[in-house]
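Engineer: Generate a structure from the sequence data that follows.
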Amino acid sequence: MARIGFIGLGNMGGPMARNLVKAGHEVVGFDLVKTNIGAAAGVRPAASAADAASGADAVVTMLPAGAHVREVLTGKGGVLAAMKPGALLIDSSTIDVATARDMEAAARAKGVLLLDAPVSGGVGGAEAGTLTFMVGGSEEAFAKARPILDNMGKTIVHAGGPGNGQAAKICNNMILGISMIATSEAFALAARLGLDAQKLFDISSKSSGQCWSMTSYCPVPGPVPTSPANRNYKAGFTAAMMLKDLKLAQEAAATAGALTPLGAEAAQVYGLFCAQAGNAALDFSGVIGLFQERNPA
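Structural biologist: Residues are numbered from 1 along each chain as shown. Purely as a prediction, here's the structure:
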């Protein structure tokens, strides 16, 4: 078993760290929010991010944005300076591709193996240990990380070289954001036309309109009992996080010279939704409320 430093013990990082403890690893954790450290049962508290990384065989980071990753890894008292040569760093934050590639180069210069390994599956997947990891980096680093990732996830995919994990994540979530808006528009229109939501679900879930946003995460109460729509849109993946990922996709598209008009429109829709008081913290499927307001039954 390995000694693992874990930095970022929030809604996702906390349960991921607990699963590493359950697998028998020695986990030393740090979070700026002290209560998050206390909630991570079995994780030994560290005084700082560098303290958590010092002497570790591997370090996992789960941080809000690229600026945070850059500061934690390369800033004053940063993690890379504290890590021993040959150690592994797994960054599971969802950040921009350019920063992911910059950090891999910085780690390589220090003799550290770094992977960008963002996740899909939400808090439920983190708790159950069934996350999907989209991994970018070298074959050597991926082989070394695989046993650790297997303790936190069910589907582990090596997407290619540095930054490709982030590329996969933002492309996947652009599809998800667009499809949730399309599903929401359809159910709002159905209500306006007097078509029962369950009837639309029964038809479309078995027809060409079928998609994950409908069959697994239906944005109206009833058809999918486990969807957030049945819990007042209590978040599994917040609207604010979806907006963040859609913006990252647009930044990447601009850099690559790619045409993504639906992705751009989806970012604008989620921007409008999140601008309304309280909406940013709701599940991203709550975006249907925007169309229900425009299309009252």
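Engineer: Strands along the chain, start to end?
Structural biologist: Ranges of strands in the chain, per DSSP state E, are 3-7, 26-30, 44-45, 58-61, 88-91, 113-116, 119-120, 131-136, 153-160.
Engineer: hmm, who's touching the fourth one?
Structural biologist: Counting by CB atoms under 8 Å, 6 or more residues apart in numbering, strand 58-61 makes contact with 2-8, 13, 16-17, 20, 52-53, 69, 72-73, 79, 83, 87-93, 144-145, 148, all of which sit outside it. (C-beta placed from N, C-alpha, C; glycine too.)
Engineer: can I see the domain layout of this protein?
Structural biologist: Segmentation of the chain into domains, based on automatic domain parsing, reads 3-161, 167-294.
Engineer: winner for burial among those?
Structural biologist: The densest packing among these, expressed as mean neighbour count by mean count of other CB atoms under 10 Å, is seen in domain 3-161 with a mean of 20.
Engineer: How far does stretch 189-205 sit from its chain's centre?
Structural biologist: Averaged C-alpha coordinates place stretch 189-205 at 31 Å from its chain's average position (CA atoms, centre = their mean, to the nearest Å).
Engineer: Between its first and last residues, how far does it reach?
Structural biologist: In stretch 189-205, first residue to last residue: 16 Å (CA to CA, to the nearest Å).
Engineer: cool, stretch 234-244 as well?
Structural biologist: Start to finish, the residues bounding stretch 234-244 are 18 Å apart (CA to CA).
Engineer: Also stretch 80-97?
Structural biologist: When the termini of stretch 80-97 are compared using CA to CA, they are 19 Å apart.
Engineer: now the domains of the chain in CSV, with mean pLDDT?
Structural biologist: Listed next are the domains of the chain as CSV, based on pLDDT from 0 to 100:
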stretch, mean pLDDT
domain 3-161, 95
domain 167-294, 96
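Engineer: Can you give the distance of the top helix by length along the chain from its chain's centre?
Structural biologist: Taking DSSP state H as the criterion, the chain has its longest helix at helix 164-192. Per CA atoms, centre = their mean, the displacement of helix 164-192 from the mean C-alpha position of its chain is 15 Å.
Engineer: And for stretch 231-248?
Structural biologist: Per CA atoms, centre = their mean, the centroid offset for stretch 231-248 relative to its chain is 10 Å.
Engineer: ditto for stretch 218-232
Structural biologist: In terms of CA atoms, centre = their mean, the centre of stretch 218-232 is found 21 Å from the chain centre.
Engineer: can I assume Tyr217 is in contact with Pro228?
Structural biologist: Yes. Taking contact to mean CB atoms under 8 Å, the distance of 7.3 Å between Tyr217 and Pro228 places them in contact.
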